[in-house]
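Novice: With the input below, show me the fold.
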Amino acid sequence: MDWQPDEQGLQQVLQLLKDSQSPNTATQRIVQDKLKQLNQFPDFNNYLIFVLTRLKSEDEPTRSLSGLILKNNVKAHYQSFPPPVADFIKQECLNNIGDASSLIRATIGILITTIASKGELQMWPELLPQLCNLLNSEDYNTCEGAFGALQKICEDSSELLDSDALNRPLNIMIPKFLQFFKHCSPKIRSHAIACVNQFIMDRAQALMDNIDTFIEHLFALAVDDDPEVRKNVCRALVMLLEVRIDRLIPHMHSIIQYMLQRTQDHDENVALEACEFWLTLAEQPICKEVLASHLVQLIPILVNGMKYSEIDIILLKGDVEEDEAVPDSEQDIKPRFHKSRTVTLPHEAERPDGCEDAEDDDDDDALSDWNLRKCSAAALDVLANVFREELLPHLLPLLKGLLFHPEWVVKESGILVLGAIAEGCMQGMVPYLPELIPHLIQCLSDKKALVRSIACWTLSRYAHWVVSQPPDMHLKPLMTELLKRILDGNKRVQEAACSAFATLEEEACTELVPYLSYILDTLVFAFGKYQHKNLLILYDAIGTLADSVGHHLNQPEYIQKLMPPLIQKWNELKDEDKDLFPLLECLSSVATALQSGFLPYCEPVYQRCVTLVQKTLAQAMMYTQHPEQYEAPDKDFMIVALDLLSGLAEGLGGHVEQLVARSNIMTLLFQCMQDSMPEVRQSSFALLGDLTKACFIHVKPCIAEFMPILGTNLNPEFISVCNNATWAIGEICMQMGAEMQPYVQMVLNNLVEIINRPNTPKTLLENTAITIGRLGYVCPQEVAPMLQQFIRPWCTSLRNIRDNEEKDSAFRGICMMIGVNPGGVVQDFIFFCDAVASWVSPKDDLRDMFYKILHGFKDQVGEENWQQFSEQFPPLLKERLAAFYGVSVCVIVGGCAGECAASRSHCALVQGG
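Specialist: Model (predicted):
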């Protein structure tokens, strides 16, 4: 006998469903309490499914809501449903999947996939066969309902459907879905493609077996009248381009022609899916070959897609010019994630890599969802990186018309185009920049806020070129106008100007020193003007300024301007306010730059950082012991605090000693170094290294406890943790001297393993080499026996590092180890010579060490062998070694001083000889 509800109980449930649609908060609270009570009764879920599937007299929103509450119950505690209740729900779902209402069908579909994803696909063997069977129904509603449910199951359980656990149902499902590509209903056709699309990226075998039929069917649907079908066809082709390009290549010309049409589809969702095709194609090796002849059509289409649509302008309040007095709503502010401190070394002739800024992060933050404008701009950016200057003949004729267009929307899109191609077409654009940059600077004072904001972003993309010209030409006018825009009356422009100025700071560095007073006046004035969201970006601009000009900021006049507003904000913020993150990051840069100039402010800042670490550790401990009572802490508070303490130690040097003496930071650090979260350990090791340099007196008593922890963290699986632990060990060596001896074996094998590991990031290799050198410097007898195992990668890692203290100590170490174990270097002596030649001006006693080793080797092998050995090396290096060390030989690897004639084959000759 079927389950039947009790009439009174049913009325009670219906009343609850009605109440839960009330906007009143108090009513909502009562509803939540009532739901908790009713969930104690197992058959409450029977009432919910009954309302959803049987109570046709009720309105659809109420029935659907009943299903959604049931779905939440299934999610939360399906495992504890009594079997009769679970069976009743499953049976009702399958019996009513063809409900006359599309809303109810969709709700039942959601309920089915939720049950299936609770591990029930295995426990509900009749589900897939029954749904596939229902696809054959003559009744449209039944077929559509079953397909809707299958689509959701395919989305949620694609891997399981292609596994042996279920006996590979896809072998039956995929051919079945393909039959429906020709169905008379567009909704059904769309479901069918969407189902198959779920299995493309994972290369499901059942789909690969039918791949040609699938592609054939897709082509047949290319001109479908229904936008949803066209959208799914485009999506399929984009994914196939990534995983089965071999099958598309024979048809590539037609596919490109099709995508050119679809990128202009009158339905924006279709156009957006099609536009993704160009982004994906740009990543394929065949891009240049297949696309070159179509650029003449494609470029104007992409450029046209970069205009704001009318809806964009409404959403962006594009006609609101002044809104600086309007407070930000909290959902406008994206969550920020703190990037933990990583220790790196300075390189020869290296500039910051400017390619990291995500394309179009200038623009449309309020529209942070992906749209046709952003996708078109991103596509143009990646294609500019593929085709470089070859893109310009198709673009330049368009650009002129856009940039000087009387309609602001068109002009704005032209400025965006110019920014999008900046990275890829920079070389080809250089001849036009002397004319374009002044025009863009003029656009910074356009009457439309959206034109001003995009001009900020595009100018930031050309900042590197601007800085390479004489400062009065473009840097000064650009800086002057950008600073005015930082004080713009429009919040979007303020934000764009602040971000652009931060990029300019990174490029210009000390070029900005003459203008510091003016820059600080502007940034400090903005403090009083900005709303919440832009304040966070302002902190970044100030922190970047400090990083860029360094100790030049340490002038009483500048400190007086900058510090009071920062400290005022610092005092206003509570310990649990996440706005502390950007402020702490900013202060960390400022403290490092100001050095002793930060002394008057350091005590309260230091104390608060220690408190933040202590509080977070205490919360973490309570959470571990009683997870049901306490919430897990946000460890970002601790990470940012550790990083600011590093900034203080680096900036204040020895002055930090008294602060450390009066606090329990070493005890806290011991706990942080063992935290389960890699980012906490990463920041702990950075701080340990900085404290080692600043006040080793407080670190030394802890070394015996710290060294084993450092040793276990030499695990390259966590690159940044490993990097900072390695660096800290090197700093500890320099302070410990010969007392390091008991700890060498704890770390040496791991370090040697890391330096020989393929694909290890450059920064980690360099820090590892420095630390091995320093270990050898203080304990040569212990490290030298392993010389042969690391000398070659050691030399190649350090040949590009600028002369500095760290390089100096590491090379002294290697020289001392060669003294102890000269045999260890013989086979790879060529690499050692190359590394020695990378020094521009070593200190006299170090040059002396090099001289002795080079001449010692030459004398050891004898003149004849030496001549043979030396013939194969490029002239540049011969000259260098002859000039500096008076030896008539030169050796090279991998292109020292720009030459790479002698490669590994020469090394083999050397070893052979």
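Novice: all strands for the chain, in order.
Specialist: Per DSSP state E, the chain carries no strands over any range.
Novice: lowest confidence element among the helices and strands of it?
Specialist: Sorting the helices and strands of the chain by mean pLDDT, DSSP states H and E puts helix 904-912 at the bottom, at a mean of 30.
Novice: ok, residues contacting stretch 113-124?
Specialist: The contact list for stretch 113-124 (C-beta atoms under 8 Å, 6 or more residues apart in numbering) reads 71, 74-75, 78-79, 89-90, 93, 127-128, 149, 152-153, 155-157, 160-161, 165-166. The C-beta positions use only the backbone N, C-alpha and C, and glycine is treated the same way.
Novice: among those residues, which ones are buried?
Specialist: 71, 74, 78, 89-90, 93, 127-128, 149, 152-153, 156-157, 160-161 (16 or more other C-beta atoms under 10 Å).
Novice: Find me the pLDDT at the closest residue to Glu705 other than its chain neighbours, would you?
Specialist: Of all residues not flanking Glu705 in the chain, Phe670 sits nearest, at 6.3 Å (C-beta to C-beta, 6 or more residues apart in numbering). Looking at Phe670, its pLDDT is 97.
Novice: My guess is Phe670 contacts Phe706. True?
Specialist: Yes. Applying C-beta atoms under 8 Å, one finds Phe670 in contact with Phe706, separated by 7.2 Å.
Novice: of these two, who's got more company?
Specialist: Phe706 (24 against 16; other C-beta atoms under 10 Å).
Novice: gap between Leu134 and Pro175?
Specialist: For Leu134, the distance to Pro175 equals 17 Å [C-beta to C-beta, to the nearest Å].
Novice: Compare neighbour counts for the two and give me the winner.
Specialist: Taking neighbours as other C-beta under 10 Å, Leu134 and Pro175 compare with Leu134 leading, 20 against 13.
Novice: Pull the number of nearby residues for the closest residue to the more buried one other than its chain neighbours.
Specialist: Excluding its sequence neighbours, the residue lying closest to Leu134 (C-beta to C-beta, 6+ apart) is Ala146, at 3.8 Å. Using other C-beta under 10 Å, Ala146 is surrounded by 26 other residues.
Novice: wait, doesn't Ala146 sit right on Gly98?
Specialist: Yes. Counting by C-beta under 8 Å, Ala146 touches Gly98, with 7.5 Å between them.
Novice: Residues that sit against both of the two, list them.
Specialist: In terms of C-beta under 8 Å, 6+ apart, Ala146 and Gly98 are both contacted by the residues Leu134, Ser137.
Novice: how about low-confidence regions in the stretch 251-400 of the chain?
Specialist: Scanning the stretch 251-400 of the chain for pLDDT under 70 picks out 318, 330-339, 345-368.
Novice: Show the average pLDDT along stretch 60-78.
Specialist: On average, stretch 60-78 scores 88.
Novice: actually stretch 737-754, sorry about that
Specialist: On average, stretch 737-754 scores 96.
Novice: In contact with the residue nearest to Glu705, which residues?
Specialist: Cys702, Glu705, Phe706, Ile709.
Novice: Name the nearest residue to Arg461, sequence neighbours excluded.
Specialist: Ala422 (3.6 Å).
Novice: thought the one you found was touching Tyr462?
Specialist: Yes. Ala422 lies in contact with Tyr462 (C-beta under 8 Å); the separation is 5.7 Å.
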